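Peer 1: Got a predicted structure here, sequence first:
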Amino acid sequence: MSYRTAGSLRSVTLDDVRGAQKMLSGVARATAMEGSRHLSQLVGAPVHLKCENLQRTGSFKLRGAYVRIAGLLPEERAAGVVAASAGNHAQGVALASSLLGVHATVFMPQGAPLPKVSATREYGAEVRLHGQVVDETLAAAEEYAAETGAVFIHPFDHPDIIAGQGTVGLEILEQCPEVRTVVVGVGGGGLAAGIAAAVKALRPDVRIVGVQAEGAACYPPSLAAGRPVSLDSPATMADGIKVGRPGEVPFGIVGELVDEVRTVSEDQLSAALLLCLERAKLVVEPAGAAPVAALLAAPDGFEGPVVAVLSGGNVDPLLMQRVLRHGMSAQGRYLAVRLRLTDRPGALATLLGALSVVDANVLDVSHVRTDPRLGLTEAEVELHLETKGPAHCAEVGQALRDAGYTVID
């Protein structure tokens, strides 16, 4: 593959992305694009979901990993490859290496979800658990590459990776030629850069909007500074876009071609994941739901037709359970309250009766009688309730206060 030079960095052209598309024929799926009636009504224009959560390995990462490894010289393939990842990139490198007959060693954090570790091994990679955070894992992988001669496969900071991810953009234009806005999650920037390189070359009128989690938004300060800058401690449930510093190569492309980068909160990510599951019947990880979160946060801010890229669906079941509960709480469909009552026979039954009057479904009850904070005749109760929305939550709280209970914030 050939590249034009932009300073000391090689930038990605439309020809590179088209070459990657040919290389991926028969390897990566041309994933489905599904319309969303609910989001379309909300935005006031057609909204389509590009389902990379249904890609092989469960995310777009296979595209870039395969193109990068397929482009290695024979002696580089013989030395093997090494990668560091908490999940999606690990699985993409593992499967790509297996398909190309290359030995892959993948470093993953010790706390990586077991389903992702197992899947990476099943795709054929040798998995080594190292470090508590991805930065430590990344350092271990780079050290391994220096010691063994294995080729380090970066998750986003290489033109081949970006060209592979850019094939998503070509598919978007083929499947929705009338598209006006593409919304895509941004971590290090490889996917957004690839999509922008492909789409803007063919349709410069299409608006590209990147989305980052508020707690891991490295692009806004970097774009303001005109260079990649690092965050001290990125924090978000969306581990797929939890990146502390933009990649050098994608940063240049994003700065030139992506029209806007927005941020979304954890509550918005949770609500988006819940919407994808309930309304679209799609299992999406928090990072993959980021574009939907942006649509929910500002539905009037997008010109349609809109394509939202669901970048991945590899969500740990335990995390899914917590996120769904968080999403239900954000939508006022789940309420946890603590209150104090007099510790006497029948007091709990009276409390539950007051809740039944306002039609609140009790999911769980925790009853504490012995605590230094409580008076001699007091008990503390924590209730987890299924509710019907913010208005119903307010009604439940008011009913408890009207009944004489002290609700503890």
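Peer 2: Looks like it came in fine.
Peer 1: What segments of the stretch 151-300 of the chain are helices?
Peer 2: In order along the chain, the stretch 151-300 of the chain carries the following helices (DSSP state H, counting those that start in this stretch): 159-175, 190-202, 219-225, 248-257, 266-278, 290-297.
Peer 1: what's the average pLDDT for the second one?
Peer 2: When pLDDT is averaged along helix 190-202, the result is 97.
Peer 1: same thing with the fifth one?
Peer 2: When pLDDT is averaged over helix 266-278, the result is 91.
Peer 1: Name the stretch among the helices of the stretch 151-300 of the chain that sits most buried.
Peer 2: Neighbour counts (mean count of other C-beta atoms under 10 Å) averaged over each of those peak at helix 190-202, with a mean of 28. Glycine gets a C-beta too; all of them are placed from N, C-alpha and C.
Peer 1: other SSEs contacting that helix?
Peer 2: helix 14-23, helix 159-175, strand 181-185, strand 207-213, helix 248-257 (3 or more C-beta pairs under 8 Å, 6 or more residues apart in numbering; DSSP states H and E).
Peer 1: and the shortest one, which strands flank it?
Peer 2: Counting by DSSP bridges, the strands paired with strand 181-185 are strand 207-213 (parallel), strand 306-310 (parallel).
Peer 1: can you tell which of those is closest to A298?
Peer 2: Judged by C-beta to C-beta, the one of the strands paired with strand 181-185 that comes nearest to A298 is strand 207-213, at 10.1 Å.
Peer 1: Now do that closest one against helix 248-257, angle only.
Peer 2: 130 degrees (axes from the mean of the first three to the mean of the last three C-alpha atoms, to 10 degrees).
Peer 1: Now strand 207-213 - C-alpha only, CSV.
Peer 2: These are the backbone C-alpha positions of strand 207-213, laid out as CSV (Å, rounded to 0.1, in the frame of the first residue of the first chain):
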residue,chain,number,x,y,z
ARG,A,207,-20.6,15.9,8.4
ILE,A,208,-18.5,13.7,10.7
VAL,A,209,-19.1,13.9,14.4
GLY,A,210,-16.9,12.2,16.9
VAL,A,211,-18.1,11.2,20.4
GLN,A,212,-16.0,10.7,23.5
ALA,A,213,-16.9,9.8,27.1
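Peer 1: next one: that strand to chain centre, how far?
Peer 2: How far strand 207-213 lies from its chain's middle: 12 Å, per C-alpha atoms, centre = their mean, to the nearest Å.
Peer 1: ok, T120 to A141 distance?
Peer 2: For T120, the distance to A141 equals 13 Å [C-beta to C-beta, to the nearest Å].
Peer 1: which residues are in contact with both of the two?
Peer 2: Common neighbours of T120 and A141 are listed as V106 (criterion: C-beta atoms under 8 Å, 6 or more residues apart in numbering).
Peer 1: list the contacts for V43?
Peer 2: Counting by C-beta under 8 Å, 6+ apart, the residues that V43 touches are L295, P299, D300, F302, G304, V306.
Peer 1: biggest separation within those residues, which pair?
Peer 2: Checking the contacts of V43 against each other with C-beta to C-beta, the farthest-apart pair comes out as D300 and V306, at 11.9 Å.
Peer 1: In terms of packing, which of the two has more residues around it?
Peer 2: Neighbours were counted for D300 and for V306 using other C-beta atoms under 10 Å; V306 has more, 26 against 7.
Peer 1: okay, stretch 282-289 in CSV with CA atoms only?
Peer 2: What follows is stretch 282-289, C-alpha atoms only, in CSV (Å, rounded to 0.1, in the frame of the first residue of the first chain):
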residue,chain,number,x,y,z
LEU,A,282,-28.9,-5.1,19.7
VAL,A,283,-26.3,-6.0,22.3
VAL,A,284,-23.8,-3.1,22.3
GLU,A,285,-21.0,-2.3,24.7
PRO,A,286,-20.8,1.2,26.2
ALA,A,287,-18.2,2.4,23.7
GLY,A,288,-20.3,1.2,20.9
ALA,A,289,-23.3,3.0,22.3
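Peer 1: what's in contact with that stretch?
Peer 2: Residues from elsewhere that reach stretch 282-289, judged by C-beta under 8 Å, 6+ apart: 34, 49, 51-54, 59, 185, 187, 213, 236-242, 269-270, 272-273, 275-277, 292, 310-315, 319-320, 323.
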